[in-house]
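1. A structural model of the following input is requested.
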Amino acid sequence: MNIFDIVEGHDPILLSFPHSGTFVPSAIAQRMTKTALRLEDTDWHVPALYQHLIDQGANALIANYSRYVIDLNRPPTNESLYPGQNTTGLVPDKTFSEDYIYEHGMEPKRDEIDERIEKYWRPYHQALRDMIDELVESFGYAILIDCHSIPRSVPYLFEGELPDFNIGMDTGRTAPSDLAEGLRCTLDASPFSYAMDGRFKGGYITREYAIPEKYIYTFQIELVQETYLDRRPLAEPEIRSERTELTTTLSNIYNAALSYLDRV
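-> Predicted coordinates:
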């Protein structure tokens, strides 16, 4: 199994999918609980939501391994991105539902975590950096969109319910205000609720790869799964066949980003 798949497009935008993978190596899977093997915290079918944009010219980096193997959107040093709030780590030991991922005594030790960083984490991030560098060399600028999904309600992580779209720019640090305003106008015109830099301000990828002074901008889209899935799993959920409004809104967000770059 490839650690990730790369799709090369012709636009100055890179789509990153760090949490959509479902592969777990057998040596790891045999130590996991039955609950964990459901992979409930997967960003189910997210690359499929953006396939029309990939077909139109977006570049894409798509992870194939589960976030339970290693979370590609966490720093390798494992410090919290949201100090004081509940979150999951680089190699998580519990799910969002606070169920154990590993059978008792089977949790990975420090040397295994280091091995996973070298085997899975670093190659993905090297590919991200290389693809961004290639876009900047070709165009003089780039936008990285980190693409995610999550249930509307996850009591372990936040109170209440999330809006449909959650755009994270690390409180305005990873993208200019004009780009943020373009996204805001796009979402205002859509049928979906949204928040900008709300509970989700962007994870490690959004924060690490933005260099605004060099025209490298990033933002995260955390999409509520109820907008496109027919059911939440105990098994893998099905993606709705009819999702025209969502597809249109994602296209408009993408085009707003392209439009901003045209003015840089």
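2. Count the neighbours of the nearest residue to residue 108 once chain neighbours are set aside for me.
-> Nearest non-adjacent residue to residue 108, counting by Cβ to Cβ, 6 or more residues apart in numbering: residue 91, 5.7 Å away. From N, CA and C alone the C-beta is placed, and that goes for glycine too. Per other Cβ atoms under 10 Å, the neighbour tally for residue 91 reads 22.
3. and what of residue 96?
-> Counted with other Cβ under 10 Å, residues neighbouring residue 96 total 17.
4. do the one 4 residues further on as well
-> By the other Cβ under 10 Å criterion, the neighbourhood of residue 100 contains 15 residues.
5. Wait, it touches residue 37, no?
-> No: when contacts are counted by Cβ atoms under 8 Å, residue 100 is not listed as touching residue 37 (11.9 Å).
6. returning to that earlier point: for the residue nearest to residue 108, give its distance to residue 70.
-> Residue 91 sits at a distance of 6 Å from residue 70 (criterion: Cβ to Cβ, to the nearest Å).
7. overlap in contacts of those two?
-> Shared contacts of residue 91 and residue 70 (Cβ atoms under 8 Å, 6 or more residues apart in numbering): residue 116.
8. Any figure for the gap between the residue lying farthest from the centre of the chain and residue 31?
-> Here the chain reaches farthest from its C-alpha mean at residue 105, the gap being 30.2 Å by Cα atoms, centre = their mean. Look at residue 105 and residue 31: by Cβ to Cβ, they are 9 Å apart.
9. what does residue 108 give?
-> Residue 108 is 8 Å from residue 31, by Cβ to Cβ.
10. Need the residues touching each of the two.
-> Overlap of the contact sets of residue 108 and residue 31 (by Cβ under 8 Å, 6+ apart) consists of residue 102.
11. circling back to that earlier point, report the secondary structure state of the residue nearest to residue 108.
-> Under DSSP: H, G, I helix; E, B strand; the rest coil, the three-state class of residue 91 is coil.
12. Phi first, then psi, for it.
-> Dihedral pair for residue 91: phi -120, psi 90, per degrees, to the nearest 10.
13. mind listing what it touches?
-> Neighbours of residue 91 in contact, by Cβ under 8 Å, 6+ apart: 69-71, 108, 113, 116.
14. same question, residue 56
-> Here residue 56 is in contact with 9, 11 (Cβ under 8 Å, 6+ apart).
15. Show the model's pLDDT score for it.
-> Note for residue 56: predicted pLDDT of 95.
16. go on, residue 87?
-> At residue 87, the model reports a pLDDT of 87.
17. per-residue pLDDT, the nearest residue to residue 253 once chain neighbours are set aside?
-> Leaving aside its chain neighbours, residue 253 sits nearest to residue 186 (5.5 Å; criterion: Cβ to Cβ, 6+ apart). Residue 186 carries a pLDDT score of 98 in this model.
18. What about residue 186, how many residues nearby?
-> So residue 186, with other Cβ under 10 Å, has 22 neighbours.
19. Report all helices and strands that the host helix or strand of it contacts.
-> Element membership for residue 186 (DSSP states H and E) is helix 177-188. Where contact means 3 or more Cβ pairs under 8 Å, 6 or more residues apart in numbering; DSSP states H and E, helix 177-188 is packed against strand 165-168, strand 194-196, strand 216-224, helix 244-263.
20. so that helix versus helix 244-263, what angle?
-> Here helix 177-188 runs at an angle of 160 degrees relative to helix 244-263 (axes from the mean of the first three to the mean of the last three Cα atoms, to 10 degrees).
21. what ranges do the helices span in the stretch 1-150 of the chain?
-> Ranges of helices within the stretch 1-150 of the chain are 26-29, 46-49, 51-56, 110-116, 122-139, based on DSSP state H, counting those that start in this stretch.
22. To residue 147, which of the ones you listed lies closest?
-> Nearest of the helices of the stretch 1-150 of the chain to residue 147, taken as Cβ to Cβ: helix 46-49 at 5.4 Å.
23. Tell me where the model's unsure across the stretch 151-264 of the chain.
-> Residue ranges of the stretch 151-264 of the chain with pLDDT under 70: 232-235.
24. residues contacting the closest residue to residue 179 other than its chain neighbours?
-> Leaving aside its chain neighbours, residue 179 sits nearest to residue 260 (4.5 Å; criterion: Cβ to Cβ, 6+ apart). Listed by Cβ under 8 Å, 6+ apart, the contact set of residue 260 reads 143, 176, 178-179, 182.
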